[in-house]
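# need a 3D model of the sequence below.
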Amino acid sequence: MVPANFYNEYNRNAISTSSQGKLILMMYDGAIKFVNLALKSLEDKNVSDRSTYIRKTHDIINELSCSLNIEKGGEVAEQLEKLYQFMLRQLTLANIKGDQKALESVLQVLRTLHEGWDQIINEKKAEEVPSMAPVVPGRSIASKC
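So this is what the prediction gives:
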């Protein structure tokens with residue numbers, strides 16, 4: 001197997017075994033990466049690459065938007081939908097006009113969302129970790145003494 005195939009297989013396994021929160025973080029990571037590449041392409045005046053990276057970012061954000069469950073997510077999902085739609089409009093503007101500020105605003109929102117999701121996931125992990133208190137023979141784990 002060629003090294004690229006190992007990498008692709010690893011990524012498929014990582015995605016198929018990840019929690020929903022981790023998948024969302026991976027999508028934000030990808031979108032952030034592509035916005036940064038679009039900014040670099042804009043700086044280099046490479047319209048073709050800029051367009052490609054903006055389209056990839058657009059696809060990721062669109063997928064995030066489509067996966068929202070407004071009924072279950074309530075107001076949080078509605079606010080996320082508004083942010084996603086804002087970013088999609090900014091990406092369209094950046095693609096048509098080569099607007100650096102539009103890309104930077106998308107990057108700022110993505111970083112904020114990534115940070116928030118990362119915090120939520122880490123808090124959830126902390127709640128799931130069992131107490132590391134030593135177990136004393138003859139006492140139950142729930143016992144305070």
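
# for the chain, what helix or strand is lowest in average pLDDT?
helix 3-16 (a mean of 53; mean pLDDT, DSSP states H and E).

# how far off centre is whatever helix or strand comes next after that one?
Heading C-terminal from helix 3-16, the first helix or strand you meet, by DSSP states H and E, is helix 20-43. Counting by Cα atoms, centre = their mean, to the nearest Å, helix 20-43 is centred 8 Å from the centre of its parent chain.

# so which elements touch whatever helix or strand comes next after helix 20-43?
Per DSSP H and E, the first helix or strand lying C-terminal to helix 20-43 is helix 47-66. Helix 47-66 sits against helix 20-43, helix 70-97, with contacts defined as 3 or more Cβ pairs under 8 Å, 6 or more residues apart in numbering; DSSP states H and E. Using the backbone N, CA and C atoms, a C-beta is placed for each residue, glycine as well.

# ok, 10 Å please
Helix 47-66 is packed against helix 20-43, helix 70-97, helix 100-128, with contacts defined by 3 or more Cβ pairs under 10 Å, 6 or more residues apart in numbering; DSSP states H and E.
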